[in-house]
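Undergrad: just coords:
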């Protein structure tokens, strides 16, 4: 997970990481295509993940509405065992379920979602790793400081970008406060053969 932690994940429903839209299956009949909820949670998710992974190369998935097939009020968060099986069968994938429940934190490559109400309490919990879903409310200095602290602890960001929401404008500043942008590459040496650039001190890619 170190490689995932080093950079934030910016996700959009139109681009990768791609959402796996709830626990439904698409059935095409003479009346057209319709979606139906299913109680075979693993099959519904694995089919979508397998197609997106093999066809499009996607490996990061936001799982929207990961709830059971029952009607309310019996509907609840699907069992963690489903994600444990997904993590085992797709070891190169990261899953970001909308909701978490008992056992989710113990499943590898499953990143819990921390919503607006969770973020102020993360410091007291030792800053557990997760995906931050920032607020669209007016920003306070205290909330921004809590958000930056969570980023520094390794959390990543998920933000809606399907419209130009001005309330999200502060997030990039928070990202840079937690993880400053990388320095530009040093210029190429004038006399270096083949345009090979000079090595900066500590540059493991220098030639």
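TA: All right, it came through fine. Bear in mind that the values here come from a model prediction, so they are computed numbers and not experimental data.

Undergrad: going forward, measure contacts and count neighbours with C-alpha atoms only.
TA: Noted.

Undergrad: Packing partners of the strand or helix carrying residue 177?
TA: Assigned by DSSP states H and E, residue 177 falls within helix 170-178. Applying 3 or more CA pairs under 8 Å, 6 or more residues apart in numbering; DSSP states H and E, we find helix 170-178 packed against helix 141-152.

Undergrad: Pull out the buried positions in the helix it packs on.
TA: For helix 141-152, a neighbour-count test (16 or more other CA atoms under 10 Å) marks 143-144, 146-152 as buried.

Undergrad: Mind giving me the packing neighbours of it?
TA: On a contact count with 3+ CA pairs under 8 Å, 6+ apart, helix 141-152 meets helix 170-178.

Undergrad: buried sites along the helix it packs on?
TA: So helix 170-178, judged by 16+ other CA under 10 Å, has buried residues 171, 174-175, 178.

Undergrad: do stretch 124-131 as well
TA: Neighbour count says stretch 124-131 has 127-131 buried, by 16+ other CA under 10 Å.

Undergrad: what about residue 105, how many neighbours?
TA: Counted with other CA atoms under 10 Å, residues neighbouring residue 105 total 16.

Undergrad: Columns pLDDT on top of the buried residues of helix 141-152, output as JSON lines?
TA: Shown next, in JSON lines, are these (pLDDT from 0 to 100):
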{"residue": "143", "pLDDT": "89"}
{"residue": "144", "pLDDT": "89"}
{"residue": "146", "pLDDT": "92"}
{"residue": "147", "pLDDT": "91"}
{"residue": "148", "pLDDT": "93"}
{"residue": "149", "pLDDT": "93"}
{"residue": "150", "pLDDT": "93"}
{"residue": "151", "pLDDT": "93"}
{"residue": "152", "pLDDT": "93"}
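
Undergrad: Which of the buried residues of stretch 124-131 sits closest to residue 72?
TA: Closest approach to residue 72 among the buried residues of stretch 124-131 (CA to CA): residue 131, at 26.7 Å.

Undergrad: So what sits opposite that closest one in the bridge?
TA: residue 113, residue 156 (DSSP bridges).

Undergrad: can you pull the pLDDT of it?
TA: pLDDT, residue 131: 89.

Undergrad: What average pLDDT does the lengthiest helix in the chain get?
TA: As assigned by DSSP state H, the longest helix anywhere in the chain is helix 41-56. Average pLDDT, helix 41-56: 90.

Undergrad: how is the protein carved up into domains?
TA: Structural domains assigned to the chain are 12-111, 112-182, following automatic domain parsing.

Undergrad: In terms of mean pLDDT, which of these ranks lowest?
TA: domain 12-111 (a mean of 79).

Undergrad: Which residues does stretch 97-110 contact?
TA: Stretch 97-110 has contacts (CA atoms under 8 Å, 6 or more residues apart in numbering) with 1, 62-67, 77-81, 83-84, 87, 91, 93-96, 111-113.
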